[in-house]
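Chemist: I need the structure of the sequence given here:
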Amino acid sequence: VANEGGKHWTVNEVRALIRIWSDKNIQQQLEGTVRNKRIFEQVAARLQKFGIDRDWKQCRTKYKNLKHEYKSVKSTQDSGGTSKSMKFFNELDAILGHTTMEQTSKSDNDESERPPEWTEGKSEKDSIG
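Modeler: Next up, the predicted model:
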């Protein structure tokens, strides 16, 4: 059953991926770019050292899925709900939680709460005039 994602990730594989993802250097690279094939090639190469055979696409897909699930659980928690949880929430919160905290300290509104037209390339100067 080899679909686009390949075989299911084991707990150890996900832990290894998160361990690599928690590397500050990798995080900074991921935060600064959308075209991230090269970064995920590095991640896949590091997984190989753990004996984990995943290509860059699988790594990127898993990264995106984990990030999406984390954000979904986090927003449920932030709105007072407790029913949602996920396996690697604490590990991901250690990586992703700090980035949202840094954004919130810059302004009272979290960047993700703003309408997209506020953040997409328009500077405040353009929208005031």
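
Chemist: would you map the helices across this structure?
Modeler: 11-21, 24-31, 37-49, 56-78, 89-106, 116-119, 124-128 (DSSP state H).

Chemist: give me the helices and strands touching the fourth one, please.
Modeler: So that's helix 56-78. Other helices and strands packing on helix 56-78, by 3 or more C-beta pairs under 8 Å, 6 or more residues apart in numbering; DSSP states H and E, are helix 11-21, helix 37-49, helix 89-106. In short, each C-beta sits where N, CA and C put it, glycine included.

Chemist: can you rerun that using 10 Å?
Modeler: Other helices and strands packing on helix 56-78, by 3 or more C-beta pairs under 10 Å, 6 or more residues apart in numbering; DSSP states H and E, are helix 11-21, helix 24-31, helix 37-49, helix 89-106.

Chemist: would you mark the buried spots in the shortest one?
Modeler: When burial is assessed from 16 or more other C-beta atoms under 10 Å, helix 24-31 yields the following buried residues: 26, 29-30.

Chemist: give me the mean pLDDT for that helix.
Modeler: Here helix 24-31 scores 90 as its mean pLDDT.

Chemist: okay, the angle between it and helix 56-78?
Modeler: Interaxial angle, helix 24-31 versus helix 56-78 (axes from the mean of the first three to the mean of the last three C-alpha atoms, to 10 degrees): 90 degrees.

Chemist: done for today, thanks.
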